[in-house]
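Trainee: quick check, what structure comes out for this input:
(one chain, ligands or ions: 1)
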Amino acid sequence: MGKAQKLVQWSPTDIKAKMLEKYPPKVARKRSKQILINEAMENTTPEITANVRTIPGIITMRGCTYAGCKGVIMGPTSDIVNLVHGPIGCSFYAWLTRRNQSSYTGENNENFITYCMSTDMQDSDIIFGGEKKLAAAIQEAYDLFHPKGIAVFATCPVGLIGDDIHAVAKKMKEKFGDCNVFAFSCEGYKGVSQSAGHHIANNQVFTHLVGKSTTEKTDKYKINLLGEYNIGGDGFEIDRILKKCGITNIATFSGNSTYDQFASANQADLSCVMCHRSINYVADMLETKYGIPWIKVNFIGAEATAKSLRKIATYFGDQDLIDKVEAVIAEEMPAVDAAVKDVLPRTTGKTAMIFVGGSRAHHYQELFKEMGMKTISAGYEFAHRDDYEGRQIIPDLKVDADSRNIEEIEVEPDPVLFKPRKTEAEIEALEKAGFAFKDYEGIIPDMEKDTLIVDDLNQYEAEKLVELMKPDLFCAGIKEKFSIQKLGIPMKQLHSYDSGGPYAGFVGAINFYNEIDRLVNSRVWSYMKAPWQENPELSATYVWE
Ligand code: SF4
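Mentor: Numbers count the residues shown, from 1 in each chain. Okay, the predicted model is just below:
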């Protein structure tokens, strides 16, 4: 492609048509509903199709259900041993590929994040069953580490042969007495994407861990942070800011988390949701069972961080906290302002595309806006319609066969631990003053008119978008990284951050400005030429000729 031309030659309608033109008619019809030209107007949000199966033959960016359960939700927890029941291939990608960080040292310096334990199933286990092998592996994990918890994950072959992982886990839990062993039916095929795995993981954490701690938390302003995974140290930066404000983070689900933090989550007075997709149902369950209200926050972007801190302070309504939050923002912002002032002349007007996750593709647009950059196309890998259009459409969502695969937990107020954190009158007063509980407006209303929003983008469409729209930066995951770079466009991983981060909070924003400035202004990309661009016709000879 050579040096990217800045002129976007096509209208959004043309681009959409060109993305679809190579597909067979039936595939084009289906994909057409997942590619949206944003026409969000006041009071209307266009409808998009999301959370549906990827069409066979298409190289999706998605991960499997097991990847979402083990890799995303349970992976970052330090003192629970994760044991994968399946062939070793599934475990390869369970081994720290998300760059979750941990500060936990524990009583005996235990931190199991770096371990990758698998039953390494062989052909004979598939034929004769793997339950005995699983029991032996749980025993081995227990003997080696004596952990508080062992989590067992099912992969596709385990579901297909019908191993009862829950029965094995229950038997081993009873045998040990001092170790909580629990299992996840998160076979890769269970849902249409990793989103199903998040749900399965969170349901089990809620069932087996939350509310089990007997240690009382007496701090004044106690919150849970939900949907923050401490990639590249994001959680460390958020915790630093919260601590500076005098706010105690009881439990992060699940970055830098521990068994005891999950067990104490019922003692927080407010749940703050970062990634809406991966965890909004846990926020709902915490409210129903324990009386903890929830709000949507975003610590990606300096302005968004300040806004979220103010929202938390407003909820508690204590003038000391409100003043403290303002003092912290005033102290942190000068460095942010200086950094953004430095990069703005070089980054203003540059364009970005973001295709990650459930909420990241939305959150990172804040940082690009602060740098004067425009997000011209974005979409989620595994989101549902409410992540695009906002939570008001939830009552209209149809429950399909794939969603029915995921267990919905029936939750009722806990007879002992339920305690309303605010009276109805207090909640009403806050809402009257413009405070929004349980609210998420989605990505569509936040993106500019005529931008392209694409659900479950695939390899072919990614290359087509780059060819037609020529962005200055493309953000996605490791699977897309090198193919995009070969097109001569800088690529930033926003799942694992390459080797960078943190990008959350105030310090994170400064890191991001500087890194993106270097990426979009580096001349190295303009020298990129793939061999077929110089010699479009490749020829070869047999070695014996
Ligand atoms: S799709 Fe199935 S086989 Fe593949 S990694 Fe996921 S669990 Fe393993």
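
Trainee: tell me the contacts of the residue of the stretch 101-250 of the chain found nearest the ligand?
Mentor: Nearest residue of the stretch 101-250 of the chain to the ligand, counting by Cβ to the nearest ligand atom: Gly188, 2.5 Å away. (Each C-beta comes from the backbone N, C-alpha and C, glycine too.) Contact analysis of Gly188 by Cβ atoms under 8 Å, 6 or more residues apart in numbering lists 64-67, 90, 155-156.

Trainee: make JSON lines from the residues you listed and add pLDDT, secondary structure and neighbour count to it.
Mentor: Shown next, in JSON lines, are those (pLDDT from 0 to 100; DSSP: H, G, I helix; E, B strand; the rest coil; neighbours: other Cβ atoms under 10 Å):
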{"residue": "Cys64", "pLDDT": "94", "secondary structure": "coil", "neighbour count": "24"}
{"residue": "Thr65", "pLDDT": "95", "secondary structure": "helix", "neighbour count": "33"}
{"residue": "Tyr66", "pLDDT": "95", "secondary structure": "helix", "neighbour count": "32"}
{"residue": "Ala67", "pLDDT": "93", "secondary structure": "helix", "neighbour count": "23"}
{"residue": "Cys90", "pLDDT": "92", "secondary structure": "helix", "neighbour count": "24"}
{"residue": "Thr155", "pLDDT": "97", "secondary structure": "coil", "neighbour count": "27"}
{"residue": "Cys156", "pLDDT": "97", "secondary structure": "helix", "neighbour count": "17"}
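
Trainee: ok, and of these, which contact the ligand?
Mentor: 64, 66-67, 90, 155-156 (Cβ under 6 Å from any ligand atom).

Trainee: hang on, Thr77 packs against Ser254?
Mentor: Yes. The pair Thr77 and Ser254 qualifies as a contact (Cβ atoms under 8 Å) at a distance of 5.5 Å.

Trainee: near the ligand, which residues of this structure?
Mentor: Checking the chain against the ligand by Cβ under 6 Å from any ligand atom, the hits are 64, 66-67, 86, 90, 155-156, 188.

Trainee: low-confidence stretches in the stretch 1-150 of the chain?
Mentor: 1-9, 41-42, 93, 96 (pLDDT under 70).

Trainee: where exactly do the helices run in it?
Mentor: When secondary structure is read from DSSP state H, counting those that start in this stretch, the stretch 1-150 of the chain shows helices at 12-20, 25-32, 65-66, 88-92, 123-128, 131-145.

Trainee: so how far is the fourth one from its chain's centroid?
Mentor: In terms of Cα atoms, centre = their mean, to the nearest Å, the centre of helix 88-92 is found 21 Å from the chain centre.

Trainee: and the ones next to the ligand among the contacts of Gly188 as TSV, adding distance to Phe512?
Mentor: Formatted as TSV, those follow (distance: Cβ to Cβ, whole Å):
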residue	distance to Phe512
Cys64	29
Tyr66	31
Ala67	26
Cys90	33
Thr155	35
Cys156	37
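
Trainee: and the furthest pair within these?
Mentor: Between any two of these, the greatest separation by Cβ to Cβ is 11.4 Å, found for Ala67 and Cys156.

Trainee: out of the ones next to the ligand among the contacts of Gly188, which is nearest to Thr351?
Mentor: Ala67 (30.1 Å).

Trainee: in contact with the closest one, which residues?
Mentor: Per Cβ under 8 Å, 6+ apart, neighbours of Ala67: 93-94, 188, 194, 197.

Trainee: what's the answer for Tyr513, then?
Mentor: Neighbours of Tyr513 in contact, by Cβ under 8 Å, 6+ apart: 339-340, 342-343, 347, 367, 370-371.

Trainee: try it again at 7 Å.
Mentor: Tyr513 makes contact with 339-340, 343, 371, according to Cβ atoms under 7 Å, 6 or more residues apart in numbering.

Trainee: which of those residues fall in helices?
Mentor: 339-340, 343 (DSSP state H).

Trainee: among the residues you listed, which ones are buried?
Mentor: Burial by neighbour count, 16 or more other Cβ atoms under 10 Å: within the ones in helices among the contacts of Tyr513 this picks out 339-340, 343.

Trainee: make a markdown table out of those and add pLDDT.
Mentor: Listed next are those as a markdown table, based on pLDDT from 0 to 100:
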| residue | pLDDT |
| --- | --- |
| Ala339 | 98 |
| Val340 | 98 |
| Val343 | 98 |
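
Trainee: which residue lies nearest the spatial centre of the protein?
Mentor: Gly357 (5.0 Å; Cα atoms, centre = their mean).

Trainee: neighbours around Ile409, how many?
Mentor: Applying other Cβ atoms under 10 Å, we find 15 residues neighbouring Ile409.

Trainee: wait, isn't it in contact with Asn203?
Mentor: Yes. At 5.3 Å, Ile409 counts as touching Asn203 under the criterion of Cβ atoms under 7 Å.

Trainee: if I look at these two, which residues touch both of them?
Mentor: When Cβ under 7 Å, 6+ apart defines a contact, no residue borders Ile409 and Asn203 alike.

Trainee: next, count neighbours for the residue lying closest to Lys33 once chain neighbours are set aside.
Mentor: The shortest distance from Lys33 to any non-neighbouring residue, by Cβ to Cβ, 6 or more residues apart in numbering, is to Thr49 (3.9 Å). Thr49 has 16 neighbours, counted by other Cβ under 10 Å.

Trainee: list the contacts for Thr49?
Mentor: 33-34, 455.

Trainee: let me know the closest of those residues to the ligand.
Mentor: For the contacts of Thr49, the nearest to the ligand is Asp455 (20.1 Å; Cβ to the nearest ligand atom).

Trainee: all strands for this protein, in order.
Mentor: 35-37, 80-85, 117-118, 149-154, 180-184, 222-228, 248-254, 270-273, 294-296, 351-355, 374-379, 452-454, 473-476, 491-493 (DSSP state E).

Trainee: out of the helices of the stretch 1-150 of the chain, nearest to Thr451?
Mentor: helix 12-20 (7.5 Å).

Trainee: residue in the stretch 351-500 of the chain nearest to the ligand?
Mentor: The minimum distance from the stretch 351-500 of the chain to the ligand, using Cβ to the nearest ligand atom, falls at Lys479 (13.1 Å).

Trainee: neighbours of the nearest residue to that residue once chain neighbours are set aside, how many?
Mentor: Nearest non-adjacent residue to Lys479, counting by Cβ to Cβ, 6+ apart: Met61, 6.1 Å away. Residues within reach of Met61, counting by other Cβ under 10 Å, total 23.

Trainee: hang on, Met61 packs against Glu381?
Mentor: Yes. Between Met61 and Glu381 there is a contact under Cβ under 7 Å: 5.2 Å.

Trainee: what do the two both touch?
Mentor: Counting by Cβ under 7 Å, 6+ apart, the residues touching both Met61 and Glu381 are Phe355.

Trainee: what residue spans form the domains of this structure?
Mentor: 1-62+344-390+442-545, 65-208 (automatic domain parsing).

Trainee: rewinding a little: can you list the strands of the chain in JSON lines and add mean neighbour count?
Mentor: Listed next are these as JSON lines, based on neighbours: other Cβ atoms under 10 Å:
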{"stretch": "strand 35-37", "mean neighbour count": "22"}
{"stretch": "strand 80-85", "mean neighbour count": "26"}
{"stretch": "strand 117-118", "mean neighbour count": "22"}
{"stretch": "strand 149-154", "mean neighbour count": "26"}
{"stretch": "strand 180-184", "mean neighbour count": "23"}
{"stretch": "strand 222-228", "mean neighbour count": "27"}
{"stretch": "strand 248-254", "mean neighbour count": "26"}
{"stretch": "strand 270-273", "mean neighbour count": "27"}
{"stretch": "strand 294-296", "mean neighbour count": "22"}
{"stretch": "strand 351-355", "mean neighbour count": "25"}
{"stretch": "strand 374-379", "mean neighbour count": "24"}
{"stretch": "strand 452-454", "mean neighbour count": "22"}
{"stretch": "strand 473-476", "mean neighbour count": "24"}
{"stretch": "strand 491-493", "mean neighbour count": "22"}
